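Visitor: what follows is a predicted structure for the sequence shown.
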Amino acid sequence: MKSLNDILGNSKDLNQRLEKIKRDVIKDPDVKAFLEAHRSKITNSMIDRDLNILQEYKDQQKHYDGHTFEDCPNFVKGHVPELYIENDHFKIKYLPCPCKIKHDEAKFKAHLITSHHMQRATLDAELKDIYTNRRDRLDVAMAANDICKRIKSGETEYLKGLYLYGPFGTGKSFILGAMANQLKSENIPSTMVYLPEFIRTLKSGFNDNSFEKRLNQIMKANVLFLDDIGAEETTPWARDEVIGPLLHYRMVHELPTFFSSNLNFKELEHHFSLTRQGAEATKGARIMERIKSLAQPYFLEGVNYRDI
């Protein structure tokens, strides 16, 4: 069995190694700067006693170099060490690194837009990328920007959303996505729903008793964007149990609501008036009353921007 001396070497060698470690630690620019700044409080015995603390401080990155949270090299991931003195001892506390702050902000913002069946391109849209080469598009872009400012400032009483309608590919969904991202940049949550697919998936909620929960999440959203209303199959159930209660709740509680559609108001009313059971003009008109109270219509015409 090896003796302690065999393991550690003789005391002279050990002392030499410790002195070398001490010199290396003290020469470190950050350690050296700290020792200089607190010279009146520091003794050699403090350095000898807490050399391991100074070593721990020396071996870590104190200055942010742009690395990501995943690549943070420090002992406590996402934190930078700060050296201080307490009761004649060197101590380290760990403060959030800019990489963690950025990581946490991105994680928070990732949940600000709740998406149901929306395309990625729509979710990545920005107001600055809206084509404004036509008067109708410029008007919509200005209205969208003004509404986002009002929502940010809390001026939502009597605030009407937008009902964007027009031919396929004119950027209606893109504008809704751009508004959602503008609100996201101000830490305001919103929900985007591709309505035809959402209604189809709601039917499965009867099997697992999640129908009411799913509908309430959409109904009570802080800001709601309903994409492609009028493209869903009209059934009495979809109209009277989903769309009607959803719009009624948002109208009564004056919650900001936005729409996109290929249909104008008259065409959409006709759409909601007809089901397989026949024509029900009164129910179609009731749906439209709610939509008109929630949003101002804007027509978008022109080329198919998806081909550009």
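Guide: Alright, I've got the coordinates.

Visitor: for stretch 89-108, give me every contacting residue.
Guide: 46-47, 49-50, 53-54, 56-57, 64, 67-69, 71-72, 74, 76-85, 187 (C-beta atoms under 8 Å, 6 or more residues apart in numbering). (Each C-beta comes from the backbone N, C-alpha and C, glycine too.)

Visitor: show the buried residues in the residues you listed.
Guide: 46-47, 50, 53-54, 56-57, 69, 72, 74, 78-81, 83 (16 or more other C-beta atoms under 10 Å).

Visitor: tell me how far Phe90 lies from Ser293.
Guide: Relative to Ser293, Phe90 is positioned 67 Å away (C-beta to C-beta, to the nearest Å).

Visitor: my bad, should have said Ile243
Guide: 14 Å.

Visitor: looking at these two, which is more packed in?
Guide: Neighbour totals were compared for Ile243 and Ser293, and Ile243 leads with 21 against 15 (other C-beta atoms under 10 Å).

Visitor: what's the nearest residue to the more buried one if we skip its chain neighbours?
Guide: Ile287 (6.4 Å; C-beta to C-beta, 6 or more residues apart in numbering).

Visitor: now name the helix or strand holding the one you found.
Guide: If you go by DSSP states H and E, Ile287 is part of helix 281-294.

Visitor: then Gln182?
Guide: Assigned by DSSP H and E, Gln182 falls in helix 172-185.

Visitor: chain center to stretch 51-59: distance?
Guide: Its chain's C-alpha centre and that of stretch 51-59 lie 38 Å apart, by C-alpha atoms, centre = their mean, to the nearest Å.

Visitor: list the contacts of it.
Guide: 18, 21-22, 24-26, 28, 30-31, 47, 75, 81, 83, 89-92.

Visitor: ok, now how distant is Ser173 from Thr235?
Guide: The value you get for Ser173 to Thr235, if C-beta to C-beta is used, is 24 Å.

Visitor: of the two, give the one with the bigger neighbour count.
Guide: Ser173 (22 against 15).

Visitor: export the helix holding Gln182 to CSV, keeping only CA atoms.
Guide: Written as CSV, here are the backbone C-alpha positions of helix 172-185 (Å, rounded to 0.1, in the frame of the first residue of the first chain):
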residue,chain,number,x,y,z
LYS,A,172,-54.6,38.2,-45.6
SER,A,173,-53.2,35.5,-43.4
PHE,A,174,-49.7,37.0,-43.6
ILE,A,175,-51.0,40.3,-42.2
LEU,A,176,-52.7,38.6,-39.3
GLY,A,177,-49.4,36.8,-38.5
ALA,A,178,-47.5,40.1,-38.8
MET,A,179,-49.9,41.7,-36.2
ALA,A,180,-49.4,38.7,-33.9
ASN,A,181,-45.7,39.1,-34.1
GLN,A,182,-45.9,42.8,-33.5
LEU,A,183,-47.8,42.2,-30.3
LYS,A,184,-45.3,39.4,-29.4
SER,A,185,-42.5,42.0,-29.6
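
Visitor: what's the following helix or strand after it?
Guide: That would be, after helix 172-185 and using DSSP H and E, strand 190-194.

Visitor: strands paired with that following strand, and their directions?
Guide: strand 113-116 (parallel), strand 224-227 (parallel) (DSSP bridges).

Visitor: now for those, which one comes closest to Lys203?
Guide: Closest approach to Lys203 among the strands paired with strand 190-194 (C-beta to C-beta): strand 113-116, 14.2 Å.

Visitor: now the closest one: how far from the chain's centre is it?
Guide: Using C-alpha atoms, centre = their mean, the offset of strand 113-116 from its chain centre is 10 Å.

Visitor: sweet, I'm off.
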